[in-house]
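Enquirer: Generate coordinates for the sequence data below:
(chains A and B)
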Amino acid sequence: AAGVIQSPRHLIKEKRETATLKCYPIPRHDTVYWYQQGPGQDPQFLISFYEKMQSDKGSIPDRFSAQQFSDYHSELNMSSLELGDSALYFCASSAGTNTGELFFGEGSRLTVL
Amino acid sequence: AQKVTQAQTEISVVEKEDVTLDCVYETRDTTYYLFWYKQPPSGELVFLIRRNSFDEQNEISGRYSWNFQKSTSSFNFTITASQVVDSAVYFCALLGASGSRLTFGEGTQLTVNP
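Expert: Okay, here's the model as predicted:
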């Protein structure tokens, strides 16, 4: 069965550069979530989208933005990268919100040098 | 507000020992979901189980079992006859019906030594 696809899997950037992560949800899933997991930390919720509209917002820095496109894939844009942005970024998808059926991608590992 | 507490930061056992990972949660929602995820060194989050708040039946899946007790707001996870491949960080998580975000505990690093 198709899973949540994240790309790239690994990304290395310099400070102050920009990075874009992509997430392709499971087919027919209309909700996408982004989580950030710093080294030795638990995943923290950043933002979610339902039917291409932002549905919830967590601790996402102002330097970050995200959107969900008409094909339901989502992109997380991170600008003015800082060392502290180095983390694993997970995308998850579900069919609707609050269903409890959440599927995670394998994560994108961002390293900021 | 929701909160998940995994009091055990690290646990180290010898292969074949049984080990229980504790999880205590707080939520005002009457409907919610509880999860356990395994995160091996490779980094992906591996789904282990989901439980909704109305289903207090304990569950067993192979060497894994889960004990959900609403009275104590706990959802503990036991690995029987642990194996080296069980070494990973294990996260307990909560999803309230009133929101769409998962709240994770801080994780328990389990090391199974041969």
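Enquirer: Which neighbouring elements make contact with the lowest-mean-pLDDT helix or strand in chain B?
Expert: Within chain B, confidence by mean pLDDT, DSSP states H and E is lowest for strand B:59-61 among all helices and strands, at a mean of 88. Packing partners of strand B:59-61 (3 or more CB pairs under 8 Å, 6 or more residues apart in numbering or on different chains; DSSP states H and E): strand B:46-52, strand B:64-69. For the C-beta atoms, the positions are set from N, CA and C on the backbone; glycine is no exception.
Enquirer: Mean pLDDT lowest where, among these?
Expert: Ranked by mean pLDDT, the helices and strands packed on strand B:59-61 end with strand B:46-52 at the bottom, a mean of 91.
Enquirer: Other residues contacting it?
Expert: A:100-101, A:103-104, B:31-40, B:59, B:61, B:64, B:66, B:68, B:75, B:77, B:90 (CB atoms under 8 Å, 6 or more residues apart in numbering or on different chains).
Enquirer: let's see 10 Å
Expert: For strand B:46-52, contacts defined as CB atoms under 10 Å, 6 or more residues apart in numbering or on different chains pick out A:100-104, A:106, B:31-40, B:57-59, B:61, B:64-66, B:68, B:75, B:77, B:88, B:90-93, B:95, B:97.
Enquirer: For ChimeraX, what selects the buried ones among the residues you listed?
Expert: Buried subset of these, written as a ChimeraX selection, criterion 16 or more other CB atoms under 10 Å in any protein chain shown:
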select /A:100,102,103,104,106 /B:32,33,34,35,36,37,38,39,64,65,66,68,75,77,88,90,91,92,93,95,97
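Enquirer: I'd say residue B:44 and residue A:104 touch.
Expert: Yes. If you go by CB atoms under 10 Å, residue B:44 and residue A:104 touch, sitting 7.4 Å apart.
Enquirer: list residues touching both of these two?
Expert: Residues touching both residue B:44 and residue A:104 by CB under 10 Å, 6+ apart: A:6, A:90, B:37.
Enquirer: quick one: which of those is nearest residue A:41?
Expert: For those, the closest approach to residue A:41 (CB to CB) belongs to residue A:90, at 12.2 Å.
Enquirer: From the structure, what's the count of residues near that closest one?
Expert: Here the number of neighbours of residue A:90 (other CB atoms under 10 Å in any protein chain shown) works out to 25.
Enquirer: so who does residue 38 touch?
Expert: The chain I'm using is chain A. With CB under 10 Å, 6+ apart, residue A:38 has these contacts: A:44, A:84-88.
Enquirer: actually it's chain B I care about, not the one you picked
Expert: So residue B:38 contacts B:44-48, B:64, B:77, B:86-91, B:110 (CB under 10 Å, 6+ apart).
Enquirer: Over to it. Which of the three states is it?
Expert: For residue B:38, the assignment made with DSSP: H, G, I helix; E, B strand; the rest coil gives strand.
Enquirer: who's it bridged to?
Expert: Beta bridges link residue B:38 to residue B:46, residue B:90, judged by DSSP bridges.
Enquirer: Where does pLDDT dip in the chain?
Expert: The chain I'm using is chain A. By pLDDT under 70, the weakly predicted segments of chain A are A:1, A:98.
Enquirer: wait, I meant chain B there
Expert: Looking at chain B by pLDDT under 70, you get B:99.
Enquirer: interface residues of it facing chain A?
Expert: Contact residues (CB under 10 Å from any CB of the partner chain) of chain B with chain A: B:4, B:6, B:29, B:31-35, B:37, B:39, B:42-47, B:50-53, B:89, B:91-93, B:95-107, B:109.
Enquirer: Tell me which helix or strand residue 56 sits in.
Expert: Since you didn't name a chain, this refers to chain A. Assigned by DSSP states H and E, residue A:56 belongs to strand A:53-57.
Enquirer: switch to chain B, that's the one I care about
Expert: Under DSSP H and E, no helix or strand contains residue B:56.
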